[in-house]
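Undergrad: Model the following, please.
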Amino acid sequence: MLPSGVTADPRTRRATLLVLFFVSGFVALLYQVIWQRLLGLVTGLDLHAATMVVAVFMLGMGVGSFAGGYLADRLAADRLLLVFAAAEGVAAAFALVSRPLYHGFFYKLAASAGASPLLVGATAASTLLLPTICMGVTLPVLSKAVSEAVDGAAGRIASLYGWNTLGAAAGAWIGSAWVIRSVGYDRSLWIGALLNLLCAAAAMSMRGRAGSAAPVSAAGPSAAPGVAEAERAWWRWPALYFLSGFVALGLEMVWFRLLGVTLKSTAFTFPLLLGFYLLGVGGGSLAGRALADKGRHPFRSFLAAQAAVPLYAGLSIAGLLWALRTQSSLAVRAREYLGSYEPIPFAFNFFDLTPPQLALYGVVPAVLILPPTLLMGASFVFLQKGAQSDLGRLGRRVGVLQAANIMGSAAGVALVGLLLLDRVGTPGTLRLLMAVAAIYVALGAASFVTVRWRVLRWSTGLAFAAIAIAGVRLIPNASTFWGQLHGVPPMRIIQAEDGTGIAVLTNRTPSFRSNTDVYVNGLGQSTIPFDGIHSFLGLVPVMLHPAPTRVAIIGLGSGDTAYSAAGRLETEQLYCIEIIGGQIRTLRQLYQRTGYPGLEGLLADPRIQHVVGDGRRYLMQHPEGFDVIEADALRPGSAYAGNLYSREYFELVRSRLRPAGLAVTWAPTSRIQHTFEQVFPYVADVSPMLVGSNEPIPFDAAVIRGRASQPHAIQHYQRAGIELSSHIEQLIATFRHRLRPVATIDEGLVNTDLFPRDELRVPE
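TA: Below you'll find the predicted structure:
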């Protein structure tokens, strides 16, 4: 600690705060990933639950920014560092209690009988307000702490914002691909809390060096020339920045939907793309400082940058789709990959990347995302340059602007996720966001012409707006858009999209009379007509069970598993729970085209009820239990697949089984086998699946053949073209009881909610 009255070099102090704010951004993003995961176990992963969690997160950030701004202008620099340290300390404390809070108290409450799902979910999500308010406070507080005068304040604020955002980008990449993958979600919270506390301690150690000058009043001598004019124009900035937040989050959802299909939705798709997004915003904020210092018209620069963001986004996507239509060898190979079932594996080591991996995971996201996000970051500097005219109001203006932008982002999430993707899809949403550019273009064009030339001013603005709107026509309709991203022409695709995802059926012929491939978010799932591995997965448990009156199937896909599980006359109710709402619509469209009897039985059987929602959450809400519970085959490395392969999930399934009930899982990895065997006292292996129960699983080949010879079963499976007899003989040939492990299995061989090792692709 320096002697009283002695202050450290301001440059050194600012550099130290930049480092601390970088680390703070890293931790904030790490927390966001973990808390969304933990809350998803309580609220479910369906669209409305996910939107609620994001909305609460943004609300807290917005409130914190607003409150932090007013707080910043009332405190001396020494106290501002204390506020930052306190915010970091509160975030650390909440991180340490969040795991038992969410995965303990609220999870048990959500699974208890009589609990209101909406009330429990809303209450759990509302607890995020405390840490997110603390996160929102930090930018306006530190902005005031590093700004000794209005001159140069925009650049210093942009430096804070830029380094904090780059820290968040590092949190998205390193936090997901290294920290969480190495130690799991629970221990990652401890690492984040430790970093928070180090930031708090470092800020506290700087207090005596920051000086203790009183805050400058709003009318103080630090006000810059032209304050009156700036005051009159001040409120245009929050309005424009609200619109900017709406466009930014709308484009983020469009990019993530499009690139999620292109990358075929692995567990690392979201953090990879989020990292690119944050890298662009943070880098643009740092790079834009020089432009802001040279420019004399920050308002026009801001409008130009904001207009260019959706225009570039739309034109670059249109260019990508055009490139896929060409006959170049690269385009042909790209179409072959897009039409394939499997993703190109993600490489965690940069030096192990092959050219296809580098292009898919690096070049394509960078070309689409980086240029517009760089402009977003640069526009933040122009915003601060134009808005900051009085040191006494600096903190409040930073806070109000950030709050406006965050509220615009929340509006973007809600409107795009809940309405636009459902009504107009990704192509229509992109067109609307491009049209918003016309507002910025018109305002910018009008600002170049004096008021006395009113006709020219408005005609110029309208002309530029017309140019912006014309770009909308380059975005194709939904069938062409998604057809090109699945490697087929538009007449060979059936698609349905909403906020939950994109479901696609493709065929080799426009009539759809041959085999139809089923894709969900770009990833191949199954084929139609039925009679493959999914038929086997569906019929095995109902043929093993004496009387499967009540059945739950998680996952729809082609509908093969659910249809095959309805083959017993004893079955009275079968619930098929699917989180992607568009899948059932595509199957209805396919039935209307082809009249395939298997789909007719799936869609018309009154015993089969189709539920759109999170399957695990559905089981939590139905304690009355089922005779058979099965999750359709899901790749263990898919996003959130760990929720259906974890020890806690299998424990939930076990608790929802009726007497003699059977639990079924596809078991493609040894970890899934070990995890399943840890939970169920009785397990049978019917490769490639495991069947578990709370009681011994009876097996009598003659009885099973007798069940399969019942008229209802014969008619049901013949209707869809399923070779029942061959599947029954495979069941009889492969069935064998597994011995329950005697010794405790190493945790490294088990998937848990807090460490889904298979989903994170941790080597065995």
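
Undergrad: pLDDT weak spots in the protein?
TA: 1-8, 208-233, 292-295, 350-351, 444-471, 741-745 (pLDDT under 70).

Undergrad: The lengthiest helix in it: what's the following helix or strand?
TA: Longest helix in the chain by number of residues (criterion: DSSP state H): helix 10-43. Elements were assigned by DSSP states H and E; along the chain past helix 10-43, the next helix or strand is helix 47-72.

Undergrad: any idea of the angle that next one forms with helix 10-43?
TA: Angle of helix 47-72 versus helix 10-43, following axes from the mean of the first three to the mean of the last three C-alpha atoms, to 10 degrees, is 150 degrees.

Undergrad: Run the chain-centre distance for the helix or strand following helix 47-72.
TA: Later in the chain than helix 47-72, the nearest helix or strand by DSSP H and E is helix 77-99. With C-alpha atoms, centre = their mean, to the nearest Å as the basis, helix 77-99 stands 26 Å off its chain's centre.

Undergrad: What of stretch 263-271?
TA: 9 Å.

Undergrad: Can you measure across that stretch, start residue to end residue?
TA: Start-to-end span of stretch 263-271 (C-alpha to C-alpha, to the nearest Å) is 12 Å.

Undergrad: who touches that stretch?
TA: The contact list for stretch 263-271, computed with C-beta atoms under 8 Å, 6 or more residues apart in numbering, reads 33, 172-173, 175-177, 256, 259-260, 272, 342-344, 346, 360-361, 520-523, 637-642, 759-761. Placement of C-beta: from N, CA and C, glycine included.

Undergrad: now the residues you listed: which count as buried?
TA: For the contacts of stretch 263-271, a burial check counting by 16 or more other C-beta atoms under 10 Å picks out 33, 172-173, 175-177, 256, 259-260, 272, 343-344, 346, 360-361, 520-523, 637-642, 759-761.

Undergrad: So which bits of stretch 668-682 are buried?
TA: For stretch 668-682, using 16+ other C-beta under 10 Å, the buried residues are Pro668, Thr669, Arg671, Ile672, Gln673, His674, Thr675, Phe676, Glu677, Gln678, Val679, Phe680.

Undergrad: For the third one, what are phi and psi?
TA: The one in question is Arg671. Dihedral angles of Arg671 (phi, psi; degrees, to the nearest 10) stand at phi -60, psi -40.

Undergrad: where along the stretch 401-550 of the chain do the strands fall?
TA: For the stretch 401-550 of the chain, strands defined by DSSP state E, counting those that start in this stretch occupy the ranges 493-498, 501-507, 516-520, 523-528, 550-554.

Undergrad: who touches the last one?
TA: Counting by C-beta under 8 Å, 6+ apart, strand 550-554 makes contact with 538, 542, 561-562, 565-566, 571-577, 615-616, 618-619, 622, 625-632, 644, 656, 658, all of which sit outside it.

Undergrad: Identify those among the residues you listed that sit within strands.
TA: Among those, the subset assigned to strands under DSSP state E consists of Gln573, Leu574, Tyr575, Cys576, Ile577, Phe626, Asp627, Val628, Ile629, Glu630, Ala631, Arg658.

Undergrad: Those residues into TSV, with extra columns for neighbour count and distance to Gly748?
TA: Shown next, in TSV, are the ones in strands among the contacts of strand 550-554 (neighbours: other C-beta atoms under 10 Å; distance: C-beta to C-beta, whole Å):
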residue	neighbour count	distance to Gly748
Gln573	16	40
Leu574	25	37
Tyr575	21	35
Cys576	27	34
Ile577	24	31
Phe626	24	32
Asp627	24	34
Val628	27	31
Ile629	27	27
Glu630	27	27
Ala631	25	23
Arg658	17	34
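
Undergrad: Burial check on Ser328, number of neighbours?
TA: Around Ser328 there are 10 other residues, counting by other C-beta atoms under 10 Å.

Undergrad: Hmm, I typed the wrong one, I wanted Val703.
TA: So Val703, with other C-beta under 10 Å, has 13 neighbours.

Undergrad: what does Arg736 give?
TA: 10.
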